[in-house]
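[1] please find the sequence and the predicted model below.
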Amino acid sequence: MNVNSDLLNLNSKSPAFSIVIEGKDVTTVLDTRLMSLTLTDNRGFEADQLDLELDDADG
């Protein structure tokens, strides 16, 4: 996950994020369907985990 310096607004009350898949920014595509985003930062050599829950109510 790439962190853009524009996203580091410390006065913001809601989390800012950017989702890049294979070099393509898909944030705006997923933003309307995003229900939850959870990032687990594990210690040491254990892999970190990113969980995205997307709304697919329209099929």
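    Great, that's in hand.
[2] ok, which stretches of the chain are helices?
    27-31 (DSSP state H).
[3] where does it dip in pLDDT?
    Within the chain, the ranges that satisfy pLDDT under 70 run 1-14.
[4] try 80 this time
    1-16, 59 (pLDDT under 80).
[5] what ranges does it have for its strands?
    Assigned by DSSP state E, the strands in the chain fall at 20-21, 24-25, 34-40, 49-54.
[6] just how off-centre is the second one within its chain?
    In terms of C-alpha atoms, centre = their mean, to the nearest Å, the centre of strand 24-25 is found 12 Å from the chain centre.
[7] please apply the same query to the longest one.
    If you compare the mean C-alpha spot of strand 34-40 with that of the full chain, they lie 6 Å apart, counting by C-alpha atoms, centre = their mean.
[8] okay, now the sheet partners of it, with direction.
    Each strand paired with strand 34-40, and its direction, by DSSP bridges: strand 49-54 (antiparallel).
[9] equivalent analysis for the first one, please.
    Neighbouring strands of strand 20-21 in its sheet, by DSSP bridges, are strand 24-25 (antiparallel).
[10] picking up where we left off before, got a markdown table for the strands of the chain, with mean neighbour count too?
    In short, each C-beta sits where N, CA and C put it, glycine included. Conversion of the strands of the chain to a markdown table gives the following (neighbours: other C-beta atoms under 10 Å):
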| stretch | mean neighbour count |
| --- | --- |
| strand 20-21 | 11 |
| strand 24-25 | 10 |
| strand 34-40 | 11 |
| strand 49-54 | 11 |
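[11] residue contacts, residue 52?
    By C-beta atoms under 8 Å, 6 or more residues apart in numbering, the residues touching residue 52 are 19, 30, 34, 36-37.
[12] where's it relative to residue 44, distance?
    Counting by C-beta to C-beta, to the nearest Å, the gap from residue 52 to residue 44 is 24 Å.
[13] one more: residue 15?
    Distance, residue 15 to residue 44, using C-beta to C-beta: 25 Å.
[14] the more surrounded of these two?
    Shown here are residue 15 and residue 44; by other C-beta atoms under 10 Å, residue 15 has more neighbours (8 against 4).
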